[in-house]
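Trainee: this one's sequence-less:
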């Protein structure tokens, strides 16, 4: 399998989350997941991949909507427009974006998922928070504990709140400190929560038809 | 060049080198030197015009390709030759990229993709070549 069917993600955490969710839901391994940490950014590499795509390629992009969803989507849209995708919707589809190549081009079929849910700004951890079991006393306890950290000991900034909560919640499991992907496998995070099902459905639709 | 004066011998290139007491046939050198000689000779012959090089990498070890691209860039400039080279080799593309960074405006990389009966060109900007090289994206 060359790079003709590919999902590009921002880091190892995204890669393992996606891999484990696909495994849990029996998604056929007909594509590669590639993590792009650091420089060049995942968006730059994505853009170059689109330029160099060949007929029938499929390229997915999973990216954090850091800050604002609108700005993140606009930056993806700009890259798509640069490469010749001329009918990209102005707002992302909440079920995950899928764009077929314009006719008479050699461009790839493209999928975009903006973490956490294509609706809000956020990151992988905000997606994972929604995978915590609904009735979890441990989650509530972790949340309260973070809220009770005295201000002078609270070193992380507000955008990192979800990440702090995720790591706290995972620190107190039967096997403390499992990484995200393993936490899904171990059932600390629910692979059947609606957001997980939505992401898996997007992957299936992207590579399925 | 020697020979070629009568019908029994053809013209052939010889090399005078400090390594040997007498001139030796160019052919006794490796493929690379012969290929380089051929390319330079062709460049000189193409002065003020066009030179087409098919499968640039033929006979060239990957480690010398950058040097040869640089020689082509320099001579093409001096002799006012426009060079079109084709290649299927990733090493050749990498070497081209390395040689072209010194004068990026002199070289352009174009990928040709077949779609049905058409051949579609994709022009790669300097930034895309860099990203593709760094990220191991297939440019061929």
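Mentor: Right, received. Where do you want to start? Since the structure is predicted, the reported quantities are computational estimates derived from the model, not experimental observations.

Trainee: so residue B:48 sits right up against residue B:78, yeah?
Mentor: No - with contact defined as C-beta atoms under 8 Å, residue B:48 does not reach residue B:78; the gap is 11.2 Å. For every residue, glycine as well, the C-beta is placed using N, CA and C.

Trainee: ok, how many other residues are close to residue A:192?
Mentor: By other C-beta atoms under 10 Å in any protein chain shown, 11 other residues sit near residue A:192.

Trainee: Look up phi and psi at it.
Mentor: Phi and psi for residue A:192, reported as degrees, to the nearest 10, are phi -100, psi 10.

Trainee: related to what we said a few turns ago, okay, residue B:48 and residue B:78: which has more neighbours?
Mentor: For residue B:48 versus residue B:78, neighbours defined as other C-beta under 10 Å are more numerous around residue B:78 (11 against 8).

Trainee: For the strand or helix carrying the more buried one, list every residue counted as buried.
Mentor: Element membership of residue B:78, judged by DSSP states H and E, is helix B:62-79. Using 16 or more other C-beta atoms under 10 Å in any protein chain shown as the test for burial, helix B:62-79 gives B:65, B:66, B:68, B:69, B:70, B:72, B:73, B:75, B:76.

Trainee: Next SSE downstream of it?
Mentor: Later in the chain than helix B:62-79, the nearest helix or strand by DSSP H and E is strand B:82-85.

Trainee: how far does that following strand sit from the chain's center?
Mentor: Put simply, strand B:82-85 sits 9 Å off its chain's centre (C-alpha atoms, centre = their mean, to the nearest Å).

Trainee: Excluding chain neighbours, what is closest to residue B:25?
Mentor: Nearest in space to residue B:25, with sequence neighbours left out and distances taken as C-beta to C-beta, 6 or more residues apart in numbering or on different chains, is residue B:14 at 5.7 Å.

Trainee: and the residue in chain B that chain A sits nearest to, how many residues sit next to it?
Mentor: Nearest to chain A in chain B, going by C-beta to the nearest C-beta, is residue B:131, at a distance of 4.3 Å. By other C-beta under 10 Å, the residues close to residue B:131 number 23.

Trainee: Can you list the low-confidence ranges for chain A?
Mentor: Residue ranges of chain A with pLDDT under 70: A:1-2, A:209.

Trainee: Pop the domain breakdown of it in here.
Mentor: A:5-123+A:192-207, A:128-179 (automatic domain parsing).
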